[in-house]
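K.L.:
Give me coordinates for this.
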Amino acid sequence: MVRSLKNPKKAKRKSKGSKKGEGSSSNEAPAVEAKVWQPGVDKLEEGEELQCDPSAYNCLHAFHIGWPCLSFDILRDSLGLVRTEFPHTVYCVAGTQAEQSSWNSIGIFKVLKLSGKRRDLVPNKINKDGSDMDSESSDSDEDDEDDSRGSGPPVLQIRKISHEGGVNRIRAMRQNPHICASWADTGHVQVWDFSSHLNALVQSDAEAVHGGSTVFNQAPLIKFSGHKDEGYAMDWSPLVPGRLVTGDCKSGIHLWEPASDSTWNIDSNPFVGHTASVEDLQWSPTEPFVFASCSVDGNVAIWDIRSGKSPAVSIKAHNADVNVITWNSLASCMLASGSDDGTFSIRDLRLLKEGDAVVAHFEYHKHPITSIEWSPHEASTLAVSSSDNQLTVWDLSLERDEEEEAEFKAKTKELVNAPTDLPPQLLFVHQGQKDLKEVHWHSQIPGMLISTASDGFNVLMPSNIETPLPADIA
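P.N.:
Model prediction:
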């Protein structure tokens, strides 16, 4: 149930390279023996600090839009369905958690010139200090190539729209990304048409800097006050344009059916089945009438909107609050859930009738899970964020292979022994952000993740995430 950003402070700009995680080049790192540092297990001694390894990322950038954002969404664009070449451009929408209610806004922003490079999973040549000779030379070559293409520091362009109250959650319609829904801490759900702002960003010059001071006033398409309390749960249907469900902290779930492109019929009678706050909602990726919910009551429920207001199935999913769920779009039988006790589980919905449908359960995180999302490009991969300030990436298809590990160490002359108690499915750990709240995969840029925290946004592409794309286009 951990959701709110306590005592939010407006982000301040830092000099380039000062943020932990943006990283300096390898030759600037202190000449000390590398070791694997386990978050939550190892402690930093006085005078010690963690150093980001830039070679662990194909891409890593940080930015902020002012006040912290508890929620955001990545907007689908027309720049290409599968993009692999740097530099990248992304569009997002986010809602703020400002110090005063009247200072809040929704930001529609565009980040251009996200530079990076693809790194080899196994380097060919190793220097005496353990660095990758090939990657250093290719870094220089590709930097020159990026410069010739005009690639420099990322450019942020933003349009801000005034929002009544803090934004608990915001989601863009998949089919029409200019249509966005926001959950306000005032207890209202609003749907907006941001087409004019998106068009302005699309048509803007690459060097222009938008936003900052100007905040536009705009009326929402609709404002719903039928919930009994504020809420956090909402999801647009991936199959039926305009179909929306919203859930509140009083256990109510309301269905929105589109009457036109800009109007909705909202069922005033809520779906009832949970006994506490509804924390997250997810539509089925294959069944247009089916959605899932999770709650502080520890349950995950499956609903069919054709079959009344009670859940078709309700299961005890965790021994604590269930904060988030994600339905696998590539393997629609798989539903993952994250709990307040730091655990997350994966269930095979085909096994529900047989009793225990859990096919994987992880206790790596020791603090509440704040976000969880399956990869849109790899059915066995998911990203998880936690209040322990870690963003982790997992591949459920992985198993420990001692022979393969020995071969890898021989190739890389790796002297560091990874802890044996780490789950073999743990693919990547990203740190450097404080109070992580949400993480999303970019559906059009394989391997790209964007996360939000109290100190701003990170854009990252871990170098060890392989996509099923052919090598000649990747």
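
K.L.:
and after the least confident helix or strand in the chain by mean pLDDT, which helix or strand comes next?
P.N.:
Ranked by mean pLDDT, DSSP states H and E, the helix or strand of the chain with the weakest confidence is helix 133-148, at a mean of 39. Counting by DSSP states H and E, the next helix or strand C-terminal to helix 133-148 is strand 155-162.

K.L.:
For that next one, name the packing helices and strands.
P.N.:
strand 105-114, helix 195-203, strand 215-216 (3 or more Cβ pairs under 8 Å, 6 or more residues apart in numbering; DSSP states H and E). The way it works is simple: take the backbone N, C-alpha and C, and place the C-beta from them, glycine included.

K.L.:
Of these, which is nearest D248?
P.N.:
strand 105-114 (20.0 Å; Cβ to Cβ).

K.L.:
could you measure the nearest residue to L349 once chain neighbours are set aside against L427, distance?
P.N.:
Residue nearest to L349 in three dimensions, not counting chain neighbours: C333, with 5.0 Å by Cβ to Cβ, 6 or more residues apart in numbering. Using Cβ to Cβ, to the nearest Å, one gets 22 Å for the distance from C333 to L427.

K.L.:
what does D421 give?
P.N.:
With Cβ to Cβ as the criterion, D421 and L427 are 16 Å apart.

K.L.:
now do G252
P.N.:
G252 sits 38 Å away from L427, going by Cβ to Cβ.

K.L.:
now swap in R169 and tell me
P.N.:
Taking Cβ to Cβ, one finds R169 at 27 Å from L427.

K.L.:
I figured S451 hits F457, correct?
P.N.:
Yes. Counting by Cβ atoms under 8 Å, S451 does reach F457; the two are 6.8 Å apart.

K.L.:
so what's H440 up against?
P.N.:
F72, D73, I74, E373, L449, I450, S451 (Cβ atoms under 8 Å, 6 or more residues apart in numbering).

K.L.:
let me fix that: A259
P.N.:
Contact partners of A259, counting by Cβ under 8 Å, 6+ apart, are N265.

K.L.:
hmm, 10 Å instead?
P.N.:
For A259, the contacting residues are G242, N265, I266, by Cβ atoms under 10 Å, 6 or more residues apart in numbering.

K.L.:
Pipe the residues you listed into TSV and attach pLDDT, neighbour count and distance to W192 per row.
P.N.:
Shown next, in TSV, are those (pLDDT from 0 to 100; neighbours: other Cβ atoms under 10 Å; distance: Cβ to Cβ, whole Å):
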residue	pLDDT	neighbour count	distance to W192
G242	98	20	13
N265	98	11	18
I266	98	15	16
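
K.L.:
Quick one: low-confidence residue ranges for this structure.
P.N.:
Within the chain, the ranges that satisfy pLDDT under 70 run 2-36, 121-151, 206-212, 405, 408-418, 467-474.

K.L.:
circling back: higher neighbour count, R169 and L427?
P.N.:
R169 (24 against 19; other Cβ atoms under 10 Å).

K.L.:
isn't that one right next to D73, touching?
P.N.:
Yes. Using Cβ atoms under 10 Å, R169 is in contact with D73, at 9.0 Å.

K.L.:
Now for those two: what residues contact both?
P.N.:
G95, A181, E438.

K.L.:
between the residues you listed, which has the most around it?
P.N.:
G95 (27 neighbours).

K.L.:
Distance check, it against E230.
P.N.:
Distance of G95 to E230, computed by Cβ to Cβ: 13 Å.

K.L.:
Overlap in contacts, those two.
P.N.:
Contact criterion Cβ under 10 Å, 6+ apart; residues shared by G95 and E230: G165, G166, N168, W183, A184.

K.L.:
Can you report how many residues neighbour the last one?
P.N.:
When neighbours are counted by other Cβ under 10 Å, A184 registers 22.

K.L.:
Is the closest residue to it other than its chain neighbours within a helix or a strand, and which one?
P.N.:
Closest residue to A184 apart from its sequence neighbours, by Cβ to Cβ, 6+ apart: G165 at 4.1 Å. For G165, there is no enclosing helix or strand under DSSP H and E.

K.L.:
who touches G165 in this structure?
P.N.:
95, 97-98, 101-102, 104, 182-188, 190, 230.

K.L.:
Would you list the buried entries among the residues you listed?
P.N.:
Among those, the ones that count as buried by 16 or more other Cβ atoms under 10 Å are G95, Q97, A98, N104, S182, W183, A184, D185, G187, H188, Q190, E230.

K.L.:
State the distance from the closest residue to H227 other than its chain neighbours to V93.
P.N.:
Closest residue to H227 apart from its sequence neighbours, by Cβ to Cβ, 6+ apart: D248 at 4.2 Å. To V93, D248 is 22 Å away according to Cβ to Cβ.

K.L.:
before we move on, what about K250?
P.N.:
For K250 relative to V93 (Cβ to Cβ), the value is 27 Å.

K.L.:
if I pick S251, what's in contact with it?
P.N.:
Contacts of S251 (Cβ under 10 Å, 6+ apart): 228-229, 231, 270-278, 293, 295-297.

K.L.:
Can you work out which residues contact both of S451 and F457?
P.N.:
A62, F72, Q433, E438.

K.L.:
So which of those is surrounded by the most neighbours?
P.N.:
Busiest of those [other Cβ under 10 Å] is F72, holding 27 neighbours.

K.L.:
pretty sure that residue contacts Q97?
P.N.:
No. Judged on Cβ under 10 Å, F72 makes no contact with Q97 at a distance of 11.6 Å.

K.L.:
Need the residues touching each of these two.
P.N.:
Common neighbours of F72 and Q97 (Cβ under 10 Å, 6+ apart) are V167, K437.

K.L.:
for the stretch 1-150 of the chain, what spans make up the strands?
P.N.:
For the stretch 1-150 of the chain, the strands defined by DSSP state E, counting those that start in this stretch cover 57-63, 69-74, 88-96, 105-114.

K.L.:
Tell me who's in contact with T214.
P.N.:
I158, R159, K160.

K.L.:
Which one of those residues is nearest to D388?
P.N.:
Of the contacts of T214, the one sitting nearest to D388 (Cβ to Cβ) turns out to be I158, at 29.7 Å.

K.L.:
you'd agree that closest one is up against L198?
P.N.:
No. Look at I158 against L198 with Cβ under 10 Å: they stay out of range, at 11.8 Å.

K.L.:
Name the residues contacting each of those two.
P.N.:
I108, K110.

K.L.:
Work out which residue lies at the spatial centre of the chain.
P.N.:
The centre of the chain sits closest to V439, judged by Cα atoms, centre = their mean, with a distance of 1.4 Å.

K.L.:
Can you tell me how far that residue is from A383?
P.N.:
5 Å.

K.L.:
and if you look at L112?
P.N.:
24 Å.

K.L.:
Who has more neighbours out of these two?
P.N.:
Counting neighbours by other Cβ under 10 Å for L112 and for A383 shows that A383 has the greater number, 24 against 19.

K.L.:
List the contacts of the more buried one.
P.N.:
A383 sits in contact with 326, 371-375, 391-394, 427-428, 430, 439-441, 449, 451, 462, 465, where contact means Cβ under 10 Å, 6+ apart.
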